[in-house]
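# Build me a structure from this.
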Amino acid sequence: MKRLALVLLAGLLASACAAAAGSPYPLDGDPEARRWGDGPYGLLLLPDADAEGRSGAWDAQARTLADEGMTVVALGAADAAVAAQAIEALRAGGIERVAVLAAGEGAAAAFELGVDSPELVDQLILLSGTGDASGLGVFPKLFVASEGEAAADDAERMVDEAPGDWNAIYLAEGDGSGREILTGDGAEEAMEAIIQRLDERR
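Numbers count the residues shown, from 1 in each chain. Next comes the predicted model:
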């Protein structure tokens, strides 16, 4: 009886750990993609180039966002074609609108997606991203950077040059860059600003 109880307990712990780390979300070209939650609004996370564990690097943020009632998919590849595939898969599963949150160099893929396939993006949130925002679609955009990084100037430029009427900037305290904005000083406030922005649209 004790052995059965231990086996059941081990199974429950394994299930809990798997849920915390998200579920596999198979995509061509990205075996690392993970999924959290099952809400009616989709959110796609694109990693920074040096993110350790890639899709798993988003685990804490993905769980928080899924708890807000979203279906969250984190990619292991910062690739616009894979991002488009992930959004199409979410839509095929009944999720009509998908926002994109990209960090650092993952923002390059988000830019490409936002220029080439704007109809796939419900809104775009960039952490320490940089690029020519004038070519993006008219969907809402939030440009996030920390006050102490060079990307803060880029965020201020992009919010002015981006098309559409619903563009905003959020400058977090500290000097973190990319996903570090959501893990360092001011992380809680930055996450609250992102959640508030997502809630305004969905």
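# Break down this protein into its helices, ranges please.
Counting by DSSP state H, the chain has helices at residues 2-20, 59-67, 80-92, 106-116, 151-161, 187-201.
# In the last one, which residues are buried?
Of the residues in helix 187-201, 187, 190-191, 193-194, 197-198 count as buried by neighbour count, 16 or more other C-beta atoms under 10 Å. From N, CA and C alone the C-beta is placed, and that goes for glycine too.
# Now do it against helix 59-67: the angle between them, please.
Going by axes from the mean of the first three to the mean of the last three C-alpha atoms, to 10 degrees, helix 187-201 is angled at 30 degrees with respect to helix 59-67.
# Give me the contact list for helix 187-201.
Applying C-beta atoms under 8 Å, 6 or more residues apart in numbering, the contact partners of helix 187-201 are 41, 43, 61, 64-65, 68, 70, 99, 101, 122-123, 125, 140, 142, 144, 168, 170, 172-173, 181-182.
# just the buried members of those?
41, 43, 61, 64-65, 68, 70, 99, 101, 122-123, 125, 140, 142, 144, 168, 170, 172, 181-182.
# Next up, the contacts around the residue nearest to the spatial centre of the chain.
Among the residues of the chain, the one closest to the centroid is residue 45, at 2.6 Å (C-alpha atoms, centre = their mean). Applying C-beta under 8 Å, 6+ apart to residue 45 gives the contacts 55, 58, 61-62, 72-75, 101-103.
# and which of the residues you listed is nearest to residue 87?
The closest of the contacts of residue 45 to residue 87 turns out to be residue 73 (C-beta to C-beta; 8.7 Å).
# and the gap between the closest one and residue 27?
Per C-beta to C-beta, to the nearest Å, residue 73 is found 9 Å from residue 27.
# shared neighbours of the two, which are they?
Counting by C-beta under 8 Å, 6+ apart, the contacts common to residue 73 and residue 27 are 33, 86.
# ok, those two, which is more surrounded?
residue 73 (29 against 20; other C-beta atoms under 10 Å).
# Could you pull up the residues touching that one?
With C-beta under 8 Å, 6+ apart, residue 73 has these contacts: 25, 33-36, 42-45, 86, 90.
# Out of the residues you listed, which sit inside strands?
Judged by DSSP state E, these include 34-36, 42-45 as members of strands.
# I'd like those residues laid out as CSV, including pLDDT.
Shown next, in CSV, are those (pLDDT from 0 to 100):
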residue, pLDDT
34, 95
35, 97
36, 97
42, 98
43, 98
44, 98
45, 96
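# No further queries at this time; thank you.
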